[in-house]
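> only the shape, not the letters, is given here:
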DNA sequence: GGCGGAACCG
DNA sequence: CGGTTCCGCC
């Protein structure tokens, strides 16, 4: 049985909340229609294409206060996600990566019961952030 | 472009 | 710990 997990989140700007992580930021852009010319879901489930690498890097640089950010550095950070099983590369497709959603949820929300209802919508607090899960089985 | 080692940083 | 910076290699 194949599971698609659409995952959204909101940061709470409260004391004690962690700094934004790159894959959070990627999902944040992916969630917003106004960035579809820059980064968008494309191809298989969880697969996305960076249509404008320079712009994504610029936006990431602004968020992290790293004015010298570029795609070369950003992509190195994405490559570190391969061993963590958060992302992997879609070989042959330029600027295309794929999320391992099950791993992403498992790693960041270990209390979630994967074997529950076919459709599940949950919003919960975890480490100072609000997570919303949409799970379609 | 894409990869991964290595040094480095808050 | 999660990147950032830099780089040699393919």
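Great, that's in hand. The structure displayed is predicted, hence computed values, not measured ones. Numbering: from 1, shown residues only, chains lettered A, B, ... in the order given.

> show the subsequent helix or strand relative to the helix or strand hosting residue A:80.
Element membership for residue A:80, per DSSP states H and E: helix A:71-83. Downstream of helix A:71-83, the first helix or strand assigned by DSSP H and E is strand A:87-89.

> wait, does the helix or strand following that following strand contact DNA strand C?
Sequence-wise, the next helix or strand downstream of strand A:87-89 (DSSP H and E) is strand A:96-99. No: using CB under 7 Å from any atom of the strand, strand A:96-99 stays clear of DNA strand C, coming no nearer than 13.1 Å. Heads up, the C-betas are built off the backbone N, CA and C, glycines and all.

> how about the helix holding residue A:80, which residues are buried there?
Neighbour counts over helix A:71-83 (16 or more other CB atoms under 10 Å) mark A:71, A:74, A:75, A:78, A:81 as buried.

> excluding its backbone neighbours, what's nearest the second one?
If the residues on either side of it in the chain are set aside, residue A:74 comes closest to residue A:57, at 4.8 Å by CB to CB, 6 or more residues apart in numbering.

> gap between the one you found and DNA strand C?
9 Å (CB to the nearest atom of the strand, to the nearest Å).

> wait, that residue sits on residue A:67?
No: the criterion here is CB atoms under 8 Å, and residue A:57 misses it with residue A:67 at 10.9 Å.

> picking that back up, how many neighbours does the residue nearest to residue A:74 have?
When neighbours are counted by other CB atoms under 10 Å, residue A:57 registers 20.

> show the contacting residues for it.
Applying CB atoms under 8 Å, 6 or more residues apart in numbering, we find residue A:57 in contact with A:69, A:70, A:71, A:73, A:74.

> and which of those residues is nearest to residue A:95?
residue A:71 (8.4 Å; CB to CB).

> do you know the pLDDT at the closest one?
In this model, residue A:71 is scored at 98, pLDDT.

> likewise for residue A:43?
Note on residue A:43: pLDDT of 89.

> which strand or helix spans the residue nearest to residue A:74?
Counting by DSSP H and E, the element that carries residue A:57 is helix A:53-63.
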